[in-house]
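Peer 1: predicted model and sequence below, questions to follow.
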Amino acid sequence: MDNIQQAYTLAKERYAAFGVDTDVAMTALEKIAISLHCWQGDDVGGFENPDGELTGGIAATGNYPGKARNADELRRDLNVIYSLLPGSHRLNLHAIYLESDTKVDRNAIEPRHFSGWKDWAKANNHGIDFNPTCFSHPLAADGFTLSHRDPAIRQFWVEHCIASRNIGDWFGKELGTKAVTNIWIPDGYKDSPADRSTPRRLLIESLDKILAEKLFHNLDAVEPKLFGIGSESYVTGSMEFYTAYAVSRRVLLTLDSGHFHPTETIADKISSILLYIDEILLHVSRGVRWDSDHVVTFNDDLQAIAQEIVRADALNRVHIGLDYFDASINRIAAWTIGARNTLRAVLNALLEPRQMLNQFEAEGDFSSRLALMEELKAMPASAVWDTYCQQKGVPVGMDFMRVVKDYEKKELSKR
Ligand code: RNT
Ligand code: ZN
């Protein structure tokens, strides 16, 4: 028996004393497919106009060498990351990651521009999720898209979103697993608006047009935000706006952990929203001061999110996606660290003695509830995680960094 197995045997016993079966937790974790965000690989550049400016109030800072310059490089990078993650996972693709020799405007994108991604996904057993790209474009330059006052500009973005939904549906059909197509728009004002209602009324109108056709292989999601860079005072698609929209139109709501007031967390929102909406999409991220998109670390916020999903028995109703972009460190490391942390947080949540905790609570024994919650923080969950990684044939502990460094030397440093 090696060290990892020995540690696991001891951990298994300690969890069993709380009535928790570690093998059952690992089996449950196997079913979790994280949707990896393609945009960590090239700082949200995309291949429509890779030298274009990133707009829409989001920013990737840093100039670490080695970013992917085309779809082949990005897929090669992704293959490395998937080889470092236990389990089988999805890809979250943005419309600007199309492949075409000629210029295709956003409202003219078609499934054929994504056939390279489809073939790759099929060959590697990845489901795909999709996003219209309503930023980094001349018609988004004044900060408004689907809620723009100019009907022609609005129409352009409506067409782009319809085209994107159809591509999502095509991916869903081709790959035999529904795509979640998530709409996020940057629309908002830097300073206090005189009229907060009109853009919101226009946004309802645009969204209703976009969602008019019933699709069978696609799930629609809408993503709220409190503020962005340059839209500090007002964002058309706020939490209240999209929550009400999602409830009334029966679509998914996306919760991005970087999109709220710095002291506000998304964990507490999950159980409420799931009472009204069938499924939600998460953009797991980490806000730091003004930035909403730092690499996901294993902090209290992340653990609380995973606990809330598991405690609500909602693993099959919550689509877990990631959303951050750090250009100041090795991008493959950034991707892998955040994804492994997210999986680890779900595993920890699966290892909670739920029955015991619930019983203390039901009996009003809040002292024991607190004592147990604190005790759990130092339980040997990492021994279970290590065994899980070993069983799935992926690197244990820091070993994944060796693969990352190797790939950097062989491939990234030559870009
Ligand atoms: C922006 C949103 C959105 C984007 C991606 C690139 O604040 O979080 O999800 O990060 O679509
Ligand atoms: Zn997001």
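Peer 2: Now that the structure is in, tell me what you want to look at. Ligands and ions are numbered 1, 2, ... in the order given.

Peer 1: the helix or strand of the chain with the lowest mean pLDDT near ligand 2 anywhere?
Peer 2: Taking mean pLDDT, DSSP states H and E as the measure, the chain has strand 291-294 as its least confident helix or strand, at a mean of 91. No: applying C-beta under 5 Å from the ion, one finds strand 291-294 separated from ligand 2 by no less than 7.6 Å. (Glycine included, C-beta is placed from N, CA and C.)

Peer 1: that strand: how far from the chain's middle?
Peer 2: Here the centre of strand 291-294 is set off from its chain's centre by 13 Å, with C-alpha atoms, centre = their mean, to the nearest Å.

Peer 1: contact partners of the helix or strand just after it?
Peer 2: Once the chain leaves strand 291-294, the next helix or strand it forms, by DSSP states H and E, is helix 300-311. The contact list for helix 300-311, computed with C-beta atoms under 8 Å, 6 or more residues apart in numbering, reads 257, 265-268, 270-271, 282, 284, 286, 296, 315, 318, 320, 341-342, 345-346, 348-350, 352, 354.

Peer 1: buried subset of those as a PyMOL selection?
Peer 2: PyMOL command restricting those to the buried ones, with burial defined by 16 or more other C-beta atoms under 10 Å:
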select buried, resi 257+265+266+267+270+282+284+286+296+315+318+320+341+342+345+346+348+349+350+352+354
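
Peer 1: so which of the contacts of helix 300-311 belong to strands?
Peer 2: Taking DSSP state E as the definition of strands, the contacts of helix 300-311 contribute 282, 284, 286, 318, 320.

Peer 1: tabulate those in a markdown table, adding columns for pLDDT and distance to residue 192.
Peer 2: Formatted as a markdown table, the ones in strands among the contacts of helix 300-311 follow (pLDDT from 0 to 100; distance: C-beta to C-beta, whole Å):
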| residue | pLDDT | distance to residue 192 |
| --- | --- | --- |
| 282 | 98 | 31 |
| 284 | 98 | 32 |
| 286 | 97 | 29 |
| 318 | 98 | 35 |
| 320 | 98 | 36 |
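
Peer 1: count the neighbours of residue 281 for me.
Peer 2: Neighbours of residue 281 under the rule other C-beta atoms under 10 Å: 25.

Peer 1: list the residues that contact it.
Peer 2: Taking C-beta under 8 Å, 6+ apart as the criterion, residue 281 is in contact with 180, 182, 221, 223, 252, 253, 254, 255, 318, 319, 321.

Peer 1: in the residues you listed, find the pair that's most separated.
Peer 2: 223 and 318 (14.5 Å; C-beta to C-beta).

Peer 1: which residues touch residue 204?
Peer 2: residue 245.

Peer 1: closest to ligand 2 out of the contacts of residue 281?
Peer 2: residue 223 (5.6 Å; C-beta to the ion).

Peer 1: neighbours around residue 217, how many?
Peer 2: 16.
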